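K.L.:
have a look at this prediction, sequence included:
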Number of protein chains: 2
Amino acid sequence: MAKNLAEDAAERRTRSDGDRTRRSILDTAVRLATVEGLERLSIGRLAEEAGVSKSGLFAHFRSKEKLQLATIEAAREIFVREIIMPAEAASGPRERVEQLCERFLSYVERLVFPGGCFFAVAAAEVGARPGPVRERIAKYQRQWMQLLEHNIAEAQAIGALDDAPASQVAFECNALLIAANTAFILHGDRTALERARRAIQVRLRPPSELR
Amino acid sequence: MAKNLAEDAAERRTRSDGDRTRRSILDTAVRLATVEGLERLSIGRLAEEAGVSKSGLFAHFRSKEKLQLATIEAAREIFVREIIMPAEAASGPRERVEQLCERFLSYVERLVFPGGCFFAVAAAEVGARPGPVRERIAKYQRQWMQLLEHNIAEAQAIGALDDAPASQVAFECNALLIAANTAFILHGDRTALERARRAIQVRLRPPSELR
DNA sequence: CCAGAGATAGCACGATCGGTCGTTCTTAAC
DNA sequence: GTTAAGAACGACCGATCGTGCTATCTCTGG
């Protein structure tokens, strides 16, 4: 216990060429994992795809599980850059929720990940398999829900949104986004994105507008 | 083309002991696949779990893909028995939609499949990987949506439901059900089921009730 | 510029993958 | 009761899995 000084993340790592390779590997890993799944992401195949040797790749992540966790971190960075950061500039909390949803749908439609939302795929894959990977996915999923809920509650506090329970509204918005993602990937159905937009627009309508 | 007489399903198969074994294998397969995924369902592991030899199991399904397709069929039978058939007895189309949703949530909560809804897991897994397995999953997903949509449209026709586009209402109901499934499996969050119930209840409220 | 640490590759390991083959036992139709 | 076909098995195939070990390079701090 005393010796376990959280050395997981604070690895000794310095050289720039190594970091570049590692980053390029993770770029490929994130792309592959969204289509094949985090588990089927095999080290041999990933090495081939990334243009490095199997053992060379393996030296960067010292186990498959750590590779998976690193892949999740890389995917999260993209998620934040594509969805969360652009919405920070919104003019108010209600508009921020609208933008979060719209950025999500856009990120699905533009196939930022070739298999749809990385976290939707991963959650379904590891949801029933306990372990660190599942815990990491669950953690980021909770953070996402809290981000929605927090902004919804703020919007209600300033009267920009009716006062249904914020957690309920967040649940409904997220449900529509994920369903749009699944339908778009499974059926190539672009209208699903439009249906989600419509439903969310109704759900987030300011109370001043007539019913 | 002339010789290809759709022999895929019309296999010669007779003996009763074989059918019994096959059925028991598929029971195990369906359970395993919902946790591990359709692809990670390995023939060796499945054989061990089912208590038969690898080659003995393999003789029943002559390729992994056919095993996967047979597993999907077995899962569909359970889905129909658990959800669709009980709802047929409903007193009207609006009530039928309500019961379909409620039976779905109950089937998730009772862990009829240990990893949650079989088709939700499978859709996420194979959604981005073209092939017969994906096509089968997509087909049953479409059938499910059509079942919802058809009954919603009927309910609207007799004035038991307001007249938003039936496909839109079906999309929203399905989204809430799938999101409840995911949250329940990933976080063990029973309140997600309640949130889905509440939202669906509002969505399916008969127009006679006051707003 | 030198030494040491990091980056990468080669090779091999035991396990498991999907799949084939030949054989033996069992059932069911005649 | 004979017999052809189905059911089930053990042994085995080549390929690939995740993971070590070792040996070279190459970068970088002193």
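P.N.:
Looks like it came in fine.
K.L.:
counting neighbours, what do you get for the closest residue to DNA strand D within chain A?
P.N.:
Nearest residue of chain A to DNA strand D (CB to the nearest atom of the strand) works out as A:Gly44 at 2.7 Å. In short, each C-beta sits where N, CA and C put it, glycine included. A:Gly44: 11 surrounding residues under other CB atoms under 10 Å in any protein chain shown.
K.L.:
distance of it from chain B?
P.N.:
Distance, A:Gly44 to chain B, by CB to the nearest CB, to the nearest Å: 16 Å.
K.L.:
quick one: the closest residue to that residue other than its chain neighbours from A:Gly37, how far?
P.N.:
For A:Gly44, ignoring the flanking residues on the chain, the nearest one in space by CB to CB, 6 or more residues apart in numbering or on different chains is A:Lys54 at 5.3 Å. Shown here: A:Lys54 relative to A:Gly37, a distance of 20 Å by CB to CB, to the nearest Å.
K.L.:
just the pLDDT at the residue of chain A closest to DNA strand D, thanks.
P.N.:
pLDDT, A:Gly44: 95.
K.L.:
kindly report the same for A:Arg15.
P.N.:
Note on A:Arg15: pLDDT of 76.
K.L.:
residues in contact with the worst-scoring helix or strand of chain A on mean pLDDT?
P.N.:
When each helix and strand of chain A is scored by mean pLDDT, DSSP states H and E, helix A:16-36 comes last, with a mean of 91. Applying CB atoms under 8 Å, 6 or more residues apart in numbering or on different chains, the contact partners of helix A:16-36 are A:13, A:41, A:45-46, A:49-50, A:52, A:56-57, A:60, A:67-68, A:70-71, A:74-75, A:78, A:113-116, A:118, A:121-122, B:128-129.
K.L.:
pull out the buried members of the residues you listed.
P.N.:
By neighbour count, with 16 or more other CB atoms under 10 Å in any protein chain shown, these hold A:41, A:46, A:50, A:52, A:57, A:60, A:67-68, A:70-71, A:74-75, A:113, A:115-116, A:118, A:121-122, B:128 as buried.
K.L.:
now narrow those residues to whatever sits close to DNA strand D.
P.N.:
With CB under 7 Å from any atom of the strand as the criterion, the buried ones among the contacts of helix A:16-36 include A:Leu41 near DNA strand D.
K.L.:
counting by contacts, list what the top helix by length along chain A packs against.
P.N.:
As assigned by DSSP state H, the longest helix anywhere in chain A is helix A:132-157. Applying 3 or more CB pairs under 8 Å, 6 or more residues apart in numbering or on different chains; DSSP states H and E, we find helix A:132-157 packed against helix A:64-79, helix A:93-109, helix A:118-126, helix A:166-187, helix B:166-187.
K.L.:
could you check whether that helix is close to DNA strand D?
P.N.:
No - using CB under 7 Å from any atom of the strand, helix A:132-157 stays clear of DNA strand D, with a minimum separation of 12.3 Å.
K.L.:
list the buried ones in that helix?
P.N.:
For helix A:132-157, the neighbour count (16+ other CB under 10 Å) marks A:133-134, A:136-138, A:140-141, A:144-145, A:147-149, A:151-156 as buried.
K.L.:
just stretch A:173-187 next, same as before
P.N.:
A:173-187.
K.L.:
DNA strand D contacts on chain A?
P.N.:
Remark: the part of chain A in contact with DNA strand D comprises A:14-17, A:41-45, A:54-55, A:58-59, A:62-65, using CB under 7 Å from any atom of the strand.
K.L.:
which members of the residues you listed are classed as buried?
P.N.:
Buried subset of the residues of chain A next to DNA strand D (neighbour count, 16+ other CB under 10 Å): A:Leu41, A:Ile43, A:Phe58.
K.L.:
quick one: which of the residues you listed is nearest to A:Gln201?
P.N.:
In terms of CB to CB, no member of these lies closer to A:Gln201 than A:Leu41, at 36.8 Å.
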